[in-house]
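I would like to see how this sequence folds:
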Amino acid sequence: MNSNFSHITVLLGEAVEGLAVRADGCYIDGTFGRGGHSRLILQTLGAEGRLLGFDKDPLAIATGNALAADDGRFVVVQRSFAELAEEAAVRGIDGKISGILLDLGVSSPQLDDAERGFSFLNDGPLDMRMDPDRGVSAAQFIATASEEEIARVFKEYGEERFAKRMARAVVQRRSEQAFERTADLAQVLTVANPAWEKGKNPATRAFQGLRIYINNELGDLERGLDAALESLEVGGRLVVISFHSLEDRIVKQFMRKHAKGEADKLPRDLPIIPKAFEPRLKLIGKPVFASEAELKANPRSRSAVMRIAEKVR
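The predicted structure follows:
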């Protein structure tokens, strides 16, 4: 794995502003990456402030450990943000966190490093794991999964409308030769896709679905959102940046559900709404998108959408 790849943090100022950082607050960066958001949070924190970072990627952890060595207010752990409640409990900060930031998806260094196997543009080993030491690689999944399961992953997680056709092509080819490289898989998917979208590689959606499945990204997001709500203090902010429609749908529905509360489940003539049915979140502002200037500087920010909510109960 190569660490010599740069990363431009998306919605950097907007995300940290959305956290409404207090100088003495305790914060979580659930997706440390290369530390863009964390560094700006630390600049905003005072001497009593604390920041805890999470990431699965060992190269991100190496960057985080270097930052932690320079700044005693910061600690990073190699865990998924889905486990933030457990980590917060161990550290005695459960229910005392002032803000949580989740910047979802894959980082630029992961995409640009061919050895990580995330991209169809850079040929490399077909891996796709954010933590290369855990779980099943994309190559292992493609080699062993049924045609129906591969099609399900392409369709459910990649929203690929030709999922069945592409899965059939993959299974036919693997019977002759196993897939080991990203370019090899991308070529088979490209040929199997009968309707190319303008400006988009024909393998894009299938690769995206495979990556999301391999890393359990949507499952982690659902667990992480629940954990974040429980771990925040009242008045604490939850800021989430999504890059995929499935991610954003989960975030939007979660925030709306808890901002609405569950009063509609009670009898209409009930004079007082029990506290357990009152809203737990308050939506802050409208969804935030990258500015024209950011889009020009970083085209990968074009699909980013940021949502903010504040815990009220």
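
from here on, contacts and neighbour counts on C-alpha atoms
Fine.

so after the host helix or strand of Gly13, what's the next helix or strand?
Element membership for Gly13 (DSSP states H and E) is helix 12-19. Downstream of helix 12-19, the next assigned helix or strand under DSSP H and E is strand 26-29.

Quick check: next helix or strand after that next one?
Counting by DSSP H and E, what follows strand 26-29 is helix 36-44.

Show me what that next one is packed against.
helix 12-19, strand 50-54 (3 or more Cα pairs under 8 Å, 6 or more residues apart in numbering; DSSP states H and E).

Correct me if wrong, but Ser98 is in a strand.
Yes: counting by DSSP: H, G, I helix; E, B strand; the rest coil, Ser98 is found in a strand.

Was I right to think it contacts Ser231?
No: look at Ser98 against Ser231 with Cα atoms under 8 Å: they stay out of range, at 9.1 Å.

out of those two, which sits in the busier spot?
Using other Cα atoms under 10 Å, the more surrounded residue of Ser98 and Ser231 is Ser98, with 27 against 23.

Convert the C-alpha atoms of the least confident helix or strand in the chain by mean pLDDT to CSV, please.
Within the chain, no helix or strand scores below helix 108-112, which has a mean of 71 by mean pLDDT, DSSP states H and E. Taking C-alpha atoms only, helix 108-112 is exported to CSV below (Å, rounded to 0.1, in the frame of the first residue of the first chain):
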residue,chain,number,x,y,z
SER,A,108,-9.1,9.8,-2.8
PRO,A,109,-6.0,8.0,-1.7
GLN,A,110,-7.9,4.7,-1.6
LEU,A,111,-9.2,5.4,-5.1
ASP,A,112,-5.9,6.6,-6.5
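
So what's the gap between that helix and the chain middle?
Here the centre of helix 108-112 is set off from its chain's centre by 14 Å, with Cα atoms, centre = their mean, to the nearest Å.

How about stretch 103-118?
The chain centroid and the centroid of stretch 103-118 are separated by 12 Å under Cα atoms, centre = their mean.

cool, and stretch 94-104?
Counting by Cα atoms, centre = their mean, stretch 94-104 comes out at 14 Å from the chain centroid.

And stretch 111-124, by the same measure?
Per Cα atoms, centre = their mean, the centroid offset for stretch 111-124 relative to its chain is 18 Å.

Any chance you could list what contacts it?
1-2, 5, 110, 125-129, 181-183, 186, 203-204, 207, 211 (Cα atoms under 8 Å, 6 or more residues apart in numbering).

Report how far apart the opening and closing residues of that stretch are.
Start and end residues of stretch 111-124 are separated by 11 Å (Cα to Cα, to the nearest Å).

For stretch 189-208, buried residues please.
189-190, 192-193, 202-208 (16 or more other Cα atoms under 10 Å).
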